[in-house]
Every structure is written in C-alpha cells, then in structure tokens.
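Visitor: What follows is a predicted protein model with its sequence.
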Amino acid sequence: MTVSDVLFLAICLITLVAAWRVVVSAKVMHAALWLGLTFFGVAAVFLMLSADFVAAAQVLVYVGAITVLLIFGIMLSEGTEGTPRGSERSSLGRKVAPVGAAAGFAALMVYLYHQAGLRQPPPAEVATDTPRAIGTLLFSDFVIPFEVASLVLLVGMVGAIVLAMREEG
Amino acid sequence: MLEAYTDVAVFLAVGALFVIVNLAVGRLFRPHRPYSEKLTTYECGEQPIGDARVKFHTRYYIYALVFVIFDVETVYLYPWAVVLRELGVYAFILMFIFLIMLLDGLVYAWKKGVLKWV
C-alpha cells in the first residue's frame, strides 16, 4: 500500500463514520454537524481524484452554505429535543427500508462498475490545475451558459424572497 | 499533485491538535469542583428560563438562502480569479455583467425589506 492508498482509506473511514453518525445521532443538530464533516470528507475524496475545483466548490457550497441552511432550518423548526430521534420507530417497514435502500445502492454500484463500461484503465495523464482549465473554458466556449447561470441564480433568489415574504403574509 | 495540499493537511492537523491539546492540558491542571449553580447555563447573570433551543422567526431563513446564492457566485469567482491576468479586460467585463445580475437580486431583497432587522 502506498501513502495515497492509506490516505484514501483514512478519508473514506472518516467520511463513512460521519455519515453513519448523521443517521444515528440522537439530536438533530448533532446530525447536521456530522453532515458537515461528511461533506468535508467527500471534498477530500474529490481532491484525491485530482478534481481541485470540485473539491473547492464542495467545501464552499456544501460545507459552507448547505450545512448553514440545514442548521437554520433546524433552528426555525419546532424543537424536538425532548423526544430522541427514532423513538417512534417500530414498524417493520422502517427497519427494512434502510437495508433495502443500502442493498439497492450497492447493487447499482456493482452493476455500474462491471457492466456499464466504467471499468477503464486510468488515464495516463491526470489533469492538473483544473481551476485554470475551467476558467479558460468558462470565458471562451461557455460564456453564454456562464452568464445564463447568473440569471438562474437571480431567479432563484427572487423566487426564494417571494415565497418567504408570502408566508409572512 | 497531492503534495501541493500538504500545507492544508498541516493546517488541519495543527488546528485539530490545538483544540485537543489545550483542552487536555486544561483538564489536567484545573480543579474540578462542580456544583449546580456552576453548571447552569450562563445568561449574563440572569436565571436561565426554559430551553436553549427556541424557535426562530421564519424570515431568518431568507438570510441563509441569500447566503447560498452568493456562495455559489463565489464558486464562479474562483476560476475567474485564476485566469483574470491572462484574459484581461474581457474576463473582467464578463464577470462584471455576472455580478450586476446578482446585484439586482440583492437590490430586490433590499427593496422588499428582507434585510431589515426585526
């Protein structure tokens, strides 16, 4: 095993444990914080795949914004700290569903790996400095999509404001 | 390629160790004599009333949503900043248009009184 193998396994272990803690945490706020660590672990995996820019975007948007959004959502909801999560869990379906979902996901991954032509030798040349490559493409071939993205973000923001203000009455 | 991120790893490790080591050293040296008054939540000398978890007003959610939008904008700024020196004024004007578009959204939020403190 090389150093990067060990690093990869360590990152995977941290990410999986964090994801597991998201599911089993008794307090929903703790679950949100563990989710932040999970996102961070995924960013580290992206980094190991030489996808610098995706890793940076993952940290900025998911660790930064989505986690904050979730924590805000929890703070705005009725406090449920009195009743621990999962105490209402009793029916068989609630026990079978997660196992079924996990098995289905595992089967899909195995299928993709073996059948869908994803099992190719790794490229000889690994892309480096992806932010530069993306920046160059963004301002040459993808100028229009780039500017349209700002419009999409604007529509998203206005939509969120309209919905939130309507709720206010 | 990963070697370039050694600095980041060192930062993370030092940051984590700083917390762990300081708390561990503190635990070793401080006296440990808890009683109920000491363990109550500190609320500026007042008696704490109710649970720390209260339901916040829904309109604060809009701050989080606007933050997400501007965070995504920041993601676009990153590759732009990398190539700005090569592409010059052209890239600058394109990003200016991009930012003006989003500034409209902020002006709209402002006009709607979203940013008002309540």
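Guide: Received the coordinates, thanks.
Visitor: and A:Q115, how far is that from chain B?
Guide: Counting by Cβ to the nearest Cβ, to the nearest Å, the gap from A:Q115 to chain B is 31 Å. Heads up, the C-betas are built off the backbone N, CA and C, glycines and all.
Visitor: Over to A:A32?
Guide: A:A32 is 12 Å from chain B, by Cβ to the nearest Cβ.
Visitor: Make sure that residue is actually in contact with A:L69.
Guide: No: taking Cβ atoms under 8 Å as the definition, A:A32 is not a contact partner of A:L69, at 9.7 Å.
Visitor: These two: which has the busier surroundings?
Guide: A:A32 (21 against 17; other Cβ atoms under 10 Å in any protein chain shown).
Visitor: Where does the more buried one fall, secondary structure wise?
Guide: Here A:A32, judged by DSSP states H and E, is contained in helix A:28-48.
Visitor: right, and the helix or strand after that helix?
Guide: helix A:52-57.
Visitor: Quick check: mean pLDDT of that next one?
Guide: Average pLDDT, helix A:52-57: 90.
Visitor: In CSV, could you pull the C-alpha coordinates for that helix?
Guide: C-alpha atoms of helix A:52-57 as CSV (Å, rounded to 0.1, in the frame of the first residue of the first chain):
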residue,chain,number,x,y,z
ASP,A,52,-9.3,20.5,-7.2
PHE,A,53,-12.1,22.8,-8.4
VAL,A,54,-14.9,20.3,-7.5
ALA,A,55,-13.3,19.9,-4.1
ALA,A,56,-13.2,23.7,-3.6
ALA,A,57,-16.8,24.0,-4.7
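Visitor: helices or strands up against that helix?
Guide: Applying 3 or more Cβ pairs under 8 Å, 6 or more residues apart in numbering or on different chains; DSSP states H and E, we find helix A:52-57 packed against helix A:28-48, helix A:130-138, helix B:60-87.
Visitor: need the next SSE after it, C-terminal direction.
Guide: helix A:67-76.
Visitor: Who are the contact partners of the closest residue to chain B within chain A?
Guide: Residue of chain A nearest chain B, by Cβ to the nearest Cβ: A:G135 (3.3 Å). Residues counted as contacts of A:G135 (Cβ atoms under 8 Å, 6 or more residues apart in numbering or on different chains) are B:P79, B:W80, B:V82, B:V83.
Visitor: middle-most residue in chain B, spatially?
Guide: The structure's chain B has its C-alpha centroid closest to B:F67; by Cα atoms, centre = their mean the separation is 9.6 Å.
Visitor: Could you find the closest non-adjacent residue to that residue?
Guide: Leaving aside its chain neighbours, B:F67 sits nearest to A:A65 (6.0 Å; criterion: Cβ to Cβ, 6 or more residues apart in numbering or on different chains).
Visitor: Same check on A:L37?
Guide: Of all residues not flanking A:L37 in the chain, A:A18 sits nearest, at 4.0 Å (Cβ to Cβ, 6+ apart).
Visitor: Let me know whether that neighbour touches A:G41 as I believe.
Guide: Yes: here A:A18 reaches A:G41: they are 6.0 Å apart, a contact under Cβ under 8 Å.
Visitor: Comparing the two, which residue is more hemmed in?
Guide: Using other Cβ under 10 Å as the criterion, A:A18 and A:G41 rank with A:G41 on top: 22 against 19.
Visitor: ok, for the more buried one, nearest residue in space, not its chain neighbours?
Guide: Nearest one to A:G41, counting by Cβ to Cβ, 6+ apart, is A:T15 at 2.9 Å.
Visitor: Run a quick neighbour tally on the one you found.
Guide: 19.
Visitor: swap in B:F29?
Guide: 6.
Visitor: for B:A4, same thing?
Guide: 11.
Visitor: and if you look at A:S150?
Guide: The number of residues packed near A:S150 is 23, by other Cβ under 10 Å.
Visitor: Tell me who's in contact with A:I71.
Guide: A:M29, A:A32, A:L33.
Visitor: Let me know the pLDDT of the second one.
Guide: For A:A32, the pLDDT comes out at 92.
Visitor: Nearest to A:L47 among the contacts of A:I71?
Guide: Of all the contacts of A:I71, A:L33 has the smallest distance to A:L47: 21.5 Å, by Cβ to Cβ.
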